[in-house]
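For reference, the sequence and a predicted model appear below.
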Amino acid sequence: MEENDENPGGGSGGDDGSEDRGHRVISADGTYAIRANQVSLVSWKNIPPSTDNESRIILLAGGGLDGAFIDDGTVDIRGCNGVRVTSGPVALPDLSPPVSSDSTNGVEIIASEAQNVTIQRGLIPDVDQQIVMSPGSIVVDGGTGTVTIKSMTSITLSVAGGASSITLTPTGVAIQGAQITVQGLATVGITGTLVTIN
């Protein structure tokens, strides 16, 4: 393992960092492991600001060059009880979700009130798939593919607390609303063994 210190800063035997912030690079040809009861990675902006003043933590498995593709890097994250990912300003009650929660059980992805949650596959607009949760809307975009929602029991689409709804069950489809409009640009066909219109 190789360790390289550059301006390590006050508290580690170097200068106080007033003119230049410290940098430390640790590299290992094999496995580099850190073991502890709790492990924290914290990044913050330098005060006063400097040219190297971006608060960022990067987890990267760069992979190798086999076959001329850097495609064999993998990042594995696992919490035996849960994994929680949050975003938003720190320590703003009712506006920013807490970093941790005792109720976490499984995987949670939480953003603050003003932020978006985006799941995207590919980079080509109107072709690749995307799900965006933003203030005021949720958009599911299947791009050039299909969107399929399945259930063995029922699927319900509803608004206004269920005042208007479409419910699909194995036995049929129920459409409910104060006003229902069916319009076909060319034709409208209704078929069935027994058709009743009231």
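Thanks, I have it.

care to break this structure down by domain?
1-76, 79-113, 116-159 (automatic domain parsing).

of those, which approaches residue 169 most closely?
domain 116-159 (4.6 Å; C-beta to C-beta). For every residue, glycine as well, the C-beta is placed using N, CA and C.

Please tell me how far the closest one is from the chain's geometric centre.
14 Å (C-alpha atoms, centre = their mean, to the nearest Å).

go on, stretch 108-118?
Centre-to-centre, stretch 108-118 and its host chain are 8 Å apart (C-alpha atoms, centre = their mean).

I'd like the average pLDDT over that stretch.
Averaging pLDDT along stretch 108-118 gives 93.

which of the residues in that stretch are buried?
Using 16 or more other C-beta atoms under 10 Å as the test for burial, stretch 108-118 gives 110, 111, 115.

again with stretch 77-97
Within stretch 77-97, the residues that qualify as buried are 84, 86, 88, 96, 97, counting by 16+ other C-beta under 10 Å.

thinking in terms of the whole chain, how far from its middle is it?
12 Å.

Going forward, the N-terminal residue is numbered 88.
Taking 88 as the first residue, the last one we looked at is stretch 164-184.

Need the distance between the two termini of it.
Start-to-end span of stretch 164-184 (C-alpha to C-alpha, to the nearest Å) is 21 Å.

next SSE after the lowest-mean-pLDDT helix or strand in the chain?
Here the helix or strand of the chain ranked lowest by mean pLDDT, DSSP states H and E is strand 89-93, holding a mean of 60. Using DSSP states H and E, the helix or strand that follows strand 89-93 in sequence is strand 110-114.

tell me what that following strand is packed against?
strand 89-93 (3 or more C-beta pairs under 8 Å, 6 or more residues apart in numbering; DSSP states H and E).

Mind telling me what element the nearest residue to residue 231 once chain neighbours are set aside is part of?
Once flanking residues are discounted, residue 231 sits nearest to residue 214: 5.2 Å by C-beta to C-beta, 6 or more residues apart in numbering. According to DSSP H and E, residue 214 maps onto no helix or strand at all.

What is the neighbour count of residue 214?
Using other C-beta atoms under 10 Å, residue 214 has 11 other residues around it.

which sections of this protein are below the confidence cut-off?
88-109, 136-139, 153-157, 178-181 (pLDDT under 70).

Can you show me the strands along it?
Remark: strands assigned in the chain by DSSP state E are 89-93, 110-114, 169-173, 193-197, 204-208, 216-221, 224-228, 242-246, 251-256, 259-263.

got CSV for the ones you listed, with distance to residue 135 too?
Shown next, in CSV, are those (distance: least, C-beta to C-beta, whole Å):
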stretch, distance to residue 135
strand 89-93, 20
strand 110-114, 18
strand 169-173, 29
strand 193-197, 33
strand 204-208, 34
strand 216-221, 35
strand 224-228, 41
strand 242-246, 52
strand 251-256, 57
strand 259-263, 63
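
To residue 158, which of the ones you listed lies closest?
Relative to residue 158, the nearest member of these by C-beta to C-beta is strand 204-208, separated by 16.3 Å.
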